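Participant: From the sequence below, what's the structure:
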Amino acid sequence: MATPFFDFHFHPLFKKFITHYEEDFPTKRFANDLLNEITLSNKVATTLDDLVLHILQSQSSISQCIDGHVKLGVAAFANLEYGFGDSRGFISNLLKGKFSDPMDKKYFELVKNGRVSYYRMFLKELDLYRKLNGVKVKETGKIAMQMLTRKNKKDLSKIEGMGLLVSIEGGHNLYRKKIGQTLEDDIDNPAKNIEDDFYYDLQTSDEVGINPALSLQRFFKALWKNDMDMMYLTVTHLSHISEQFLATHAFGMKLLKHPTFFPTGNGLTTWGKEVIDACYNMEVKEKNKTVKTPVLVDIKHLGLKSRQDFYHYRKEKNYQIPLVASHMGVTGYTLNEWKNALRADKCKLYNYEGARTVEVQMKRKRCGTWGSFVNNDFTFNPWSINLMDEDIVEVLDSNGLIGLSLDVRILGFQAKVGLNTGEQSEHLSTSDFQSHFPYLRLSNLPAEKLESMAVEAESWLLPTKEDRHPLALCFNIIHIAAVGIMRSTIENPWKHICIGSDYDGLIEPVKICPDISNIDDLKFNLLKWLPVAADAYQKENGGRMVLPDTNLNALVDDILYKNGLRFTQNWMNGTPGAVV
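Facilitator: Down below sits the predicted model:
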């Protein structure tokens with residue numbers, strides 16, 4: 001019998017959504033049309049996919065989820081930000097041009113021209129899930145998927161089909177005014193014939209349109225009324241949203257060129273704190289009584305300074321709710337080690353269309369060696385979008401859950417012979433840079449032009465053509481466990497690790513699992529490579545063996561399914577973080 005799978009963060013209907021624009025709401029698409037993956041039928045796109053657009057193949061359609069035995073997961077909603085619609089360069093032209101058919105260019109145009117709100121786009125994608133909720137597959141007569149809610153508590157191990165909860169990836173999804181618009185009459189009101197709980201109060205309350213905390217509260221109540229539930233909010237995403245700035249985001253977009261992709265600001269804002277308060281204090285009226293329904297907060301995409309502000313704010317407010325890190329990798333460093341790894345001679349100051357940013361490069365932390373003399377060195381990805389050791393401790397000590405991304409770039413794989421061999425730089429906002437490195441003056445940094453950055457960004461997209469990606473994933477898992485054993489107060493860090501694949505999130509997936517239908521192969525690879533990674537990690541870092549001397553098969557089943565199942569079940573029962 002195949003091992004069931006839990007995915008903490010993926011986008012099952014995103015590509016179905018982005019490839020077919022509809023004016024209609026609710027959707028008039030047929031349920032069967034929404035089940036299957038998209039087809040990259042354009043011959044030019046198929047050729048380019050081997051070089052650049054291979055990321056378009058990392059799909060997680062509902063039918064692929066069924067084939068991959070996905071039993072439980074959290075569907076993430078991350079609608080196109082303005083930077084995507086207005087981006088320039090070779091990659092942008094591919095995504096928005098004829099080469100990448102069948103992507104619907106109407107979405108890019110609507111976002112770029114400010115003719116729609118992020119919130120309306122978000123609801124349109126959510127509506128596709130409503131359409132499929134409880135629908136039976138014609139060929140099998142079985143339910144494909146069902147939306148879950150704490151209103152109807154169930155034994156999640158016995159649900160029919162794939163059980164899904166909702167997450168919002170980026171607070172920009174809550175913004176109800178048209179993109180880039182701030183006037184009082186710019187709320188994106190629905191057509192008069194649309195009567196829907198999710199549009200409640202839009203036409204009468206401008207404050208809801210611009211206040212993200214109020215927007216979240218109203219949305220959650222509508223979600224609850226429609227028998228759906230929201231597990232977590234990822235506060236920010238990949239770009240600066242000037243209309244609704246919640247926190248400085250971590251740099252994570254090298255595919256496209258636009259000033260909004262560079263981090264701006266200096267940490268968590270007042271609005272960001274209000275959104276966190278709204279999440280943790282969420283409640284609804286149910287059968288004439290108030291029911292507490294807290295939403296978890298995800299630290300992914302928060303800049304390093306934003307994460308530090310967030311931890312401080314949690315302690316200040318005495319919040320005891322678990323933290324989650326939904327789809328991440330590790331830097332391998334403590335915060336001080338990361339700062340000391342800065343290659344100060346590589347720092348450059350950019351000013352791109354008003355966005356000031358500092359390019360930084362870190363020495364990569366070795367996690368171990370394996371194999372022949374070619375490509376035998378493995379390192380972690382030191383970008384600050386990944387977890388510092390202090391982040392790992394914060395999540396574990398809160399009884400939270402860490403999901404490992406299946407994006408090999410996040411996991412740190414880097415071939416030293418062949419493609420993708422160069423060192424990779426990230427970007428910090430000038431304020432964050434001065435917070436972390438106060439001894440380096442911005443005025444002393446060399447100024448650099450955008451053109452040199454563009455060449456590097458596009459070369460970063462080339463695939464590594466390497467077959468040992470699973471070992472990179474295993475090194476990340478081993479490091480989390482090692483930090484948990486040495487520094488955390490919890491009894492067993494292995495119970496707090498799962499997979500947050502980020503399939504359909506424009507990732508370069510580990511080659512053993514190009515899409516979610518191949519997820520079964522992940523178990524066999526973890527069984528093979530975890531002992532190798534544990535041994536190599538111990539030789540590199542010293543200390544005792546991290547891998548427990550127990551049933552390895554049971555440990556892998558925990559990572560792939562049972563840890564996520566237990567965490568979700570406890571959260572739905574009102575005891576989040578409990579380990580039984």
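Participant: where do the strands sit along the stretch 401-550 of the chain?
Facilitator: 401-404, 426-429, 497-499 (DSSP state E, counting those that start in this stretch).
Participant: Of those strands, flag the one that's most buried.
Facilitator: Of all the strands of the stretch 401-550 of the chain, strand 401-404 has the most neighbours on average by mean count of other C-beta atoms under 10 Å, namely a mean of 28. Quick note: C-beta positions are derived from backbone N, CA and C, even for glycine.
Participant: Other residues contacting it?
Facilitator: With contact meaning C-beta atoms under 8 Å, 6 or more residues apart in numbering, strand 401-404 is reached by 8-9, 322, 324-329, 387, 392, 395-396, 411, 473, 476-477, 480, 496-500, 563-564, 567.
Participant: what does stretch 488-495 give?
Facilitator: So stretch 488-495 is contacted by 392-393, 396-397, 399, 480-481, 483-485, 496, 548, 555, 558-559, 563, 566, 579 (C-beta under 8 Å, 6+ apart).
Participant: among the strands of the stretch 401-550 of the chain, which gets the worst mean confidence?
Facilitator: Sorting the strands of the stretch 401-550 of the chain by mean pLDDT places strand 426-429 lowest, at a mean of 92.
Participant: same for it, what does it pack against?
Facilitator: On a contact count with 3 or more C-beta pairs under 8 Å, 6 or more residues apart in numbering; DSSP states H and E, strand 426-429 meets strand 355-360.
Participant: Try it again at 10 Å.
Facilitator: helix 304-317, strand 348-352, strand 355-360, helix 430-436 (3 or more C-beta pairs under 10 Å, 6 or more residues apart in numbering; DSSP states H and E).
Participant: Neighbouring strands of that strand in the sheet, and parallel or not?
Facilitator: Strand pairing for strand 426-429, using DSSP bridges, gives strand 355-360 (antiparallel).
Participant: and the residue lying closest to His436 once chain neighbours are set aside, how many residues sit next to it?
Facilitator: Leaving out its chain neighbours, the residue that sits closest to His436 by C-beta to C-beta, 6 or more residues apart in numbering is Lys339, at 6.1 Å. Residues lying near Lys339 (other C-beta atoms under 10 Å) number 12.
Participant: how close does Lys339 get to Glu390?
Facilitator: Computed as C-beta to C-beta, to the nearest Å, the Lys339 to Glu390 distance reads 12 Å.
Participant: Need the residues touching each of the two.
Facilitator: Tyr333 (C-beta atoms under 10 Å, 6 or more residues apart in numbering).
Participant: quick one: contacts for Phe6?
Facilitator: 70-74, 156, 163, 401, 403, 498-500, 559-568.
Participant: I figured Gly564 hits Leu72, correct?
Facilitator: Yes - with contact defined as C-beta atoms under 10 Å, Gly564 counts as touching Leu72 (6.4 Å).
Participant: between those two, who's got more neighbours?
Facilitator: Gly564 (27 against 22).
Participant: Which of the helices or strands spans that one?
Facilitator: Assessed by DSSP states H and E, Gly564 sits inside helix 563-572.
Participant: That helix packs against which elements?
Facilitator: So helix 563-572, by 3+ C-beta pairs under 10 Å, 6+ apart, packs with strand 5-10, strand 70-77, strand 162-169, strand 230-234, strand 401-404, strand 497-499.
Participant: Can I get it as CSV, trimmed to CA atoms?
Facilitator: The C-alpha trace of helix 563-572 is given here as CSV (Å, rounded to 0.1, in the frame of the first residue of the first chain):
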residue,chain,number,x,y,z
ASN,A,563,3.8,14.7,11.5
GLY,A,564,1.5,16.9,9.3
LEU,A,565,-1.5,14.8,10.1
ARG,A,566,-1.0,15.0,13.9
PHE,A,567,-0.3,18.7,13.8
THR,A,568,-3.3,19.5,11.6
GLN,A,569,-5.6,17.2,13.7
ASN,A,570,-4.5,18.9,16.9
TRP,A,571,-5.0,22.3,15.4
MET,A,572,-8.5,21.4,14.2
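Participant: okay but Leu110 is in contact with Gly180, surely?
Facilitator: No - counting by C-beta under 10 Å, Leu110 stays clear of Gly180, with 11.5 Å between them.
Participant: The two: which has the busier surroundings?
Facilitator: Leu110 (19 against 16).
Participant: So the more buried one lies in a strand, does it not?
Facilitator: No - assessed with DSSP: H, G, I helix; E, B strand; the rest coil, Leu110 is helix; it does not lie in a strand.
Participant: between the biggest helix by length in the chain and strand 5-10, how many degrees?
Facilitator: The longest helix of the chain (DSSP state H) is helix 520-541. Computed with axes from the mean of the first three to the mean of the last three C-alpha atoms, to 10 degrees, the direction of helix 520-541 lies at 80 degrees from that of strand 5-10.
Participant: and whatever helix or strand comes next after helix 520-541, average pLDDT?
Facilitator: Using DSSP H and E, the next helix or strand after helix 520-541 towards the C-terminus is helix 552-557. Rounded to a whole number, the mean pLDDT of helix 552-557 is 96.
Participant: cool, and stretch 218-226?
Facilitator: Here the average pLDDT along stretch 218-226 is 93.
Participant: Any idea how far that stretch is from the middle of the chain?
Facilitator: 23 Å (C-alpha atoms, centre = their mean, to the nearest Å).
Participant: Could you list the buried residues of that stretch?
Facilitator: Arg218, Phe219, Phe220, Lys221, Ala222, Leu223, Trp224, Asn226 (16 or more other C-beta atoms under 10 Å).
Participant: can you pull the contacts of the residue nearest the centre of the chain?
Facilitator: For the chain, the residue sitting closest to the mean C-alpha position, by C-alpha atoms, centre = their mean, is His327 at 5.0 Å. His327 makes contacts with 7-10, 74, 76, 169, 234, 298, 300-301, 402-407, 410, 499-503, 505, 507, as judged by C-beta under 10 Å, 6+ apart.
Participant: change it to 7 Å
Facilitator: The neighbours of His327, taking C-beta atoms under 7 Å, 6 or more residues apart in numbering as the test, are Phe8, His9, Lys300, Gly403, Ser405, Gly500, Asp502.
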